[in-house]
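> Give the three-dimensional model of this entry:
(chains A and B)
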Protein chains: 2
Amino acid sequence: MTPDPIPPTIEWSDGHVRIIDQRRLPGELVFLDIATVEDLCDAISTLAVRGAPALGVAGAMGVALAAVTGADVREAAAHIVATRPTAVNLAWGVERALAAADPVAEAQRLAAEDVARNRSLGAYGAELLPDGARVYTHCNAGALACVGYGTALGVVRAAHEVGRRPTCWVGETRPALQGARLTAWELDRLGIPATLVADVMAGSLMASGDVDCVVVGADRIAANGDVANKVGTYGLAVLARHHGVPLYVAAPTSTVDLACPTGAGIPIERRPTREVTELAGARIAPDGMEAENRAFDVTPAELVSAIVTEQGVATAPYGPALAALVAEAQG
Amino acid sequence: MTPDPIPPTIEWSDGHVRIIDQRRLPGELVFLDIATVEDLCDAISTLAVRGAPALGVAGAMGVALAAVTGADVREAAAHIVATRPTAVNLAWGVERALAAADPVAEAQRLAAEDVARNRSLGAYGAELLPDGARVYTHCNAGALACVGYGTALGVVRAAHEVGRRPTCWVGETRPALQGARLTAWELDRLGIPATLVADVMAGSLMASGDVDCVVVGADRIAANGDVANKVGTYGLAVLARHHGVPLYVAAPTSTVDLACPTGAGIPIERRPTREVTELAGARIAPDGMEAENRAFDVTPAELVSAIVTEQGVATAPYGPALAALVAEAQG
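Alright, predicted model coming up:
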């Protein structure tokens, strides 16, 4: 088996948390060693590490860091969970580590499970893609959003591995450009043909018949199947429905929040407006310009064609389907 | 009357064409004096001057430049028209100057008429906006897209002038950021409250009930009412329809191409892919990344709530309505 062309996004290494610093991609592949909860929270806030599944592991490793450095573990947990309100996996990982006798071992176990879960998810999802599928992707739900392999990109990768020759339209995903910077970098490393587009081109691509499906990740899935994901997902879902193009959501069952009945209950993070008024450090708007930066939006379940998890594929009605998959995962 | 806070985008000045160099906004307000057809074509290709109505005047002034510099006028005309294939106004302005006994006088006449036309268009359009309308704008269809006053922003401006207190959501409009750079700059100068957003946030804003209407310009309108405009307009139109939000197109009758039966006949310009892979000279995607950059898309007439011109407002069925308005304009 050839080595994975993408190193682990996050791992426990010699008493530290080692992450790929995603702020430096695609220009440089640089690792960051994090030794304190405060530095971990800063890395999460500034998107050095991001993506719902990766945040789950980061949450657990934060608790582990607090434990090994003798910090107040409960206080650290609260601090970590507050950094990003939308991705439910962060709280999930924190809680898993808090409940464990050995938080370090638990964090490492969650990290090890992540890749296996994503390979399983990918195999289920690949079945949904036609041969030669032209997949539209948004944000980054790849290896860099997890420990490895990826969720939405894991579906594409699994299809690629079994010879189905998928290609990707990569939406650049303003404001933070996770598509242009991260998804494009991953697909290049994996040898999967990809074409970058400005987000506004999605409608034109669907109208010209150049998109076979949209595959996205999720930051939180409500019990009824409503999906919070990177802002812009909802617009893609409306466009996909208008054109009869399926929209698939790929996420581990840890992203499903059964305590949240509908998407209306999911908190939507507002991020700094300079992500909008600046681009790659350069100011692109007049001084003093007001901006609004909702980091996520909610796609109602009725616009979702299927939700792909490591336990299998859920379709409408999502309430019972998701509850069953979560129960299986908790085995 | 207070002086216009935005100087003319393009004017004939002492045997030259003087334009605002829009590549330098919003950082600096710099004028560029253009003395040759070749330099004018370069300014058009690189978006130093852009916007369908402004391109109409630029086309006429290009023919005037050829005439005063003793260049081959027919060859110059062909060269100018080839710079940007989608905006029909460019060819319209060139033809008007070619048909005139004095191309310089004709170009100046078209420039003078532009502001009056846009004020008339704005007054018609303002009637469509409710009091306190929250208007979503895309690209720049303001003074900078014309000689002055603007088309889509002319509608907002006219509503502002009669005390209807409109506010704007300004979609930044990747890849060339005409919203963030130009529309934001104009609205700031005009004192109209505005909030910049990434293009992907439009769906979230409509879903949360924060958009009363979308007002856009047009680069070419087919005889049946199909509208070619900046890429992303079509996605906004689909979202607007999904949410019951009206979408208004504001354009002078010179943008209507009665020779083009439907949008399928409108050529869609592909622009350099580095507009997508780079920003302000900084590379934002991996080296060697493929990109596609369709500069425009086509919104079918059935998604357009009304087309606002200087002659009045057209509604469906657009075929007879547009033909009548064009006939009135040709008087």
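
> Is it correct that A:Leu65 is in contact with A:Val37?
Yes: contact status for A:Leu65 versus A:Val37: in contact at 5.5 Å, counting by Cβ atoms under 8 Å. C-betas here are computed from N, CA, C, even on glycine.

> Tell me which of the two has more neighbours.
Using other Cβ atoms under 10 Å in any protein chain shown, the more surrounded residue of A:Leu65 and A:Val37 is A:Leu65, with 29 against 24.

> hang on, the earlier thing: quick check: neighbours shared by A:Leu65 and A:Val37?
A:Ala71, A:Ala76 (Cβ atoms under 8 Å, 6 or more residues apart in numbering or on different chains).

> Wait, A:Glu292 touches B:Thr195, no?
Yes: between A:Glu292 and B:Thr195 there is a contact under Cβ under 8 Å: 5.3 Å.

> gap between the closest residue to A:Ala141 other than its chain neighbours and A:Arg109?
Once flanking residues are discounted, A:Ala141 sits nearest to A:Gly217: 2.8 Å by Cβ to Cβ, 6 or more residues apart in numbering or on different chains. Using Cβ to Cβ, to the nearest Å, A:Gly217 is found at 22 Å from A:Arg109.

> same question, A:Val215
Distance from A:Val215 to A:Arg109, by Cβ to Cβ: 28 Å.

> Same drill for the two, tell me which one is more crowded.
Here A:Val215 and A:Arg109 are compared on neighbour count by other Cβ under 10 Å; more neighbours surround A:Val215, at 28 against 16.

> Can you name every helix or strand that the helix or strand hosting the more buried one contacts?
Following DSSP states H and E, one finds A:Val215 within strand A:213-216. Packing partners of strand A:213-216 (3 or more Cβ pairs under 8 Å, 6 or more residues apart in numbering or on different chains; DSSP states H and E): strand A:134-137, helix A:152-161, strand A:227-230, helix A:233-243, strand A:247-250.

> hmm, back to that, who's more crowded, A:Glu292 and B:Thr195?
Per other Cβ under 10 Å, whichever of A:Glu292 and B:Thr195 has more neighbours is B:Thr195, with 20 against 16.

> isn't the more buried one right next to B:Gly179, touching?
No: using Cβ under 8 Å, B:Thr195 and B:Gly179 do not qualify as a contacting pair, with a distance of 11.2 Å.

> Find residues that contact each of those two.
Residues touching both B:Thr195 and B:Gly179 (Cβ under 8 Å, 6+ apart): B:Val170.

> The helix or strand just after the strand holding A:Val215 close to chain B?
Note on strand A:213-216: by DSSP H and E, the next helix or strand toward the C-terminus is strand A:220-222. No: Strand A:220-222 stays clear of chain B (Cβ under 8 Å from any Cβ of the partner chain), getting no nearer than 15.0 Å.

> so what strands line up beside strand A:220-222?
strand A:227-230 (antiparallel), strand A:256-257 (parallel) (DSSP bridges).

> hey, where'd the helices end up in chain A?
Counting by DSSP state H, chain A has helices at residues A:37-45, A:52-69, A:73-83, A:88-99, A:103-126, A:152-161, A:178, A:184-190, A:202-207, A:233-243, A:274-277, A:318-330.

> May I see the ones you listed arranged in JSON lines, with distance to A:Asp257 and mean pLDDT as well?
Compiled in JSON lines, the helices of chain A are given as follows (distance: least, Cβ to Cβ, whole Å; pLDDT from 0 to 100):
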{"stretch": "helix A:37-45", "distance to A:Asp257": "19", "mean pLDDT": "97"}
{"stretch": "helix A:52-69", "distance to A:Asp257": "11", "mean pLDDT": "96"}
{"stretch": "helix A:73-83", "distance to A:Asp257": "13", "mean pLDDT": "96"}
{"stretch": "helix A:88-99", "distance to A:Asp257": "5", "mean pLDDT": "96"}
{"stretch": "helix A:103-126", "distance to A:Asp257": "17", "mean pLDDT": "97"}
{"stretch": "helix A:152-161", "distance to A:Asp257": "19", "mean pLDDT": "98"}
{"stretch": "helix A:178", "distance to A:Asp257": "22", "mean pLDDT": "97"}
{"stretch": "helix A:184-190", "distance to A:Asp257": "27", "mean pLDDT": "97"}
{"stretch": "helix A:202-207", "distance to A:Asp257": "27", "mean pLDDT": "98"}
{"stretch": "helix A:233-243", "distance to A:Asp257": "17", "mean pLDDT": "98"}
{"stretch": "helix A:274-277", "distance to A:Asp257": "26", "mean pLDDT": "96"}
{"stretch": "helix A:318-330", "distance to A:Asp257": "10", "mean pLDDT": "97"}
